[in-house]
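Chemist: Structure of the sequence below:
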Amino acid sequence: MADVRAVDGTFISYPFIEDGDTSTKVYNMVCTQKATDYSASQVALDATMSSAAAAGVLVLPFTADAQAYFVGDTGHAPIGGGMISFTRTFANIPQSTTAASGSAFVTFPGIAATVVPAAAIAVNSVAMTSGTRGVTLTTGTAHGLSAGSRIYLSMDYTVDSDAFIHHIAGQFFVIDAPTTTTFRVDIGHYWSSQVTLSLNDALLRQVNVTRPPTSRNVSTETRYDYILPGTTPGISSALDIEVPPSFYAISSTSGEPVDTLTQTTTVPTYLVYNDMVEDGNNIVIESSLAEWAGNILVMKTKTCKAK
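Modeler: Here you go, the predicted structure:
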């Protein structure tokens, strides 16, 4: 009775199977032992489940896994006869995963550029094609746009026979311009099947990138990276971990943070930032480091696309 025995109730869980990680396992051993013989230091944190002896049990109820690390004993409870029950847990270091994490208001840098007035372009119709990103706008004359052009678009439209009038207004990037009088733009409205769009009114201008710092509600993704100091290459302690900073721009002359980008005096310049937006680059909104299990840490990095 002085030995630790794994008993009924022992199981393996897969905590990240919904995120597509089918290989990370958590081994939960329900154990019993004579209470007076139990010691919290029987197994050292981070010890591997390479054998029954390494796991501190009489018989290992699972196939040995040298990539599973001891993360602690929990749920201690007396079970009579001078015995206690507890759960001994070993876990793999989880794979890195990225998941949608809702939306957040993010302040994007202002952009100072030379403004060149552009004439309004007449829009005759709007349409969508199921399975193709964005909507297609048809203009009355040659629009002069190409993929990557930035436009200002204010548009009212309806969907099929629904009387509700949708309105969008703001700056957008042209996705594609297949002809001189048609182009596609993603306005943030999506459909699961083919619908008919009817244009009520539209104002379209090609614009230079110029604006004050602006706050927008945008969709976010969060990346989860798992680190075990002393095992993860290059990380001997938690203090070796560099938590990614949130995105910000600086003056190229003083090195001080700035909230508005220029063509030559900031890093990044507004031309570089504009390329980031066109390429769909993600920027860091916030990040943190916390304990996941035992000494295994999780670093959460929330990002959004540059706007």
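Chemist: could you give the mean pLDDT of the strand or helix carrying residue 274?
Modeler: Residue 274 is part of helix 270-279, with elements assigned from DSSP states H and E. Regarding helix 270-279, the rounded mean pLDDT is 86.
Chemist: got the buried residues for the next helix or strand after it?
Modeler: Moving toward the C-terminus from helix 270-279, the next helix or strand (DSSP H and E) is strand 282-293. For strand 282-293, burial by neighbour count (16 or more other C-beta atoms under 10 Å) applies to 282, 283, 284, 285, 286, 287, 292, 293. No exception for glycine: its C-beta is placed from N, CA and C like everyone else's.
Chemist: Quick one: work out the angle between strand 282-293 and helix 270-279.
Modeler: Here strand 282-293 runs at an angle of 70 degrees relative to helix 270-279 (axes from the mean of the first three to the mean of the last three C-alpha atoms, to 10 degrees).
Chemist: just how off-centre is strand 282-293 within its chain?
Modeler: 10 Å (C-alpha atoms, centre = their mean, to the nearest Å).
Chemist: Kindly export that strand (C-alpha atoms) in CSV.
Modeler: C-alpha atoms of strand 282-293 as CSV (Å, rounded to 0.1, in the frame of the first residue of the first chain):
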residue,chain,number,x,y,z
ASN,A,282,-0.9,40.8,-39.6
ILE,A,283,0.2,43.1,-36.8
VAL,A,284,0.3,42.4,-33.1
ILE,A,285,-2.5,43.9,-30.9
GLU,A,286,-1.5,42.4,-27.6
SER,A,287,0.4,39.4,-26.1
SER,A,288,0.8,37.7,-22.8
LEU,A,289,2.6,34.8,-21.1
ALA,A,290,0.9,32.6,-18.6
GLU,A,291,1.1,29.1,-17.0
TRP,A,292,-0.7,26.4,-18.9
ALA,A,293,0.1,23.3,-16.8
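Chemist: which other helices and strands contact it?
Modeler: Strand 282-293 is packed against strand 214-227, strand 296-305, with contacts defined by 3 or more C-beta pairs under 8 Å, 6 or more residues apart in numbering; DSSP states H and E.
Chemist: repeat that with 10 Å
Modeler: strand 65-80, strand 83-92, strand 97-108, strand 214-227, helix 270-279, strand 296-305 (3 or more C-beta pairs under 10 Å, 6 or more residues apart in numbering; DSSP states H and E).
Chemist: tell me the contacts of residue 23?
Modeler: Contacts for residue 23 (C-beta atoms under 10 Å, 6 or more residues apart in numbering) come out as 14, 16, 17, 67, 92, 94, 95.
Chemist: Excluding sequence neighbours, find me the nearest residue to the last one.
Modeler: So that's residue 95. Spatially, and ignoring its direct neighbours in sequence, residue 95 is nearest to residue 21 (4.7 Å; C-beta to C-beta, 6 or more residues apart in numbering).
Chemist: separation between the one you found and residue 157?
Modeler: 42 Å (C-beta to C-beta, to the nearest Å).
Chemist: Just want to know which of those two has more residues nearby.
Modeler: More neighbours surround residue 157 than the other of residue 21 and residue 157, with 20 against 16 (other C-beta atoms under 10 Å).
Chemist: what residues are up against that one?
Modeler: Contact analysis of residue 157 by C-beta under 10 Å, 6+ apart lists 125-127, 135, 165-168, 187, 189, 197-202.
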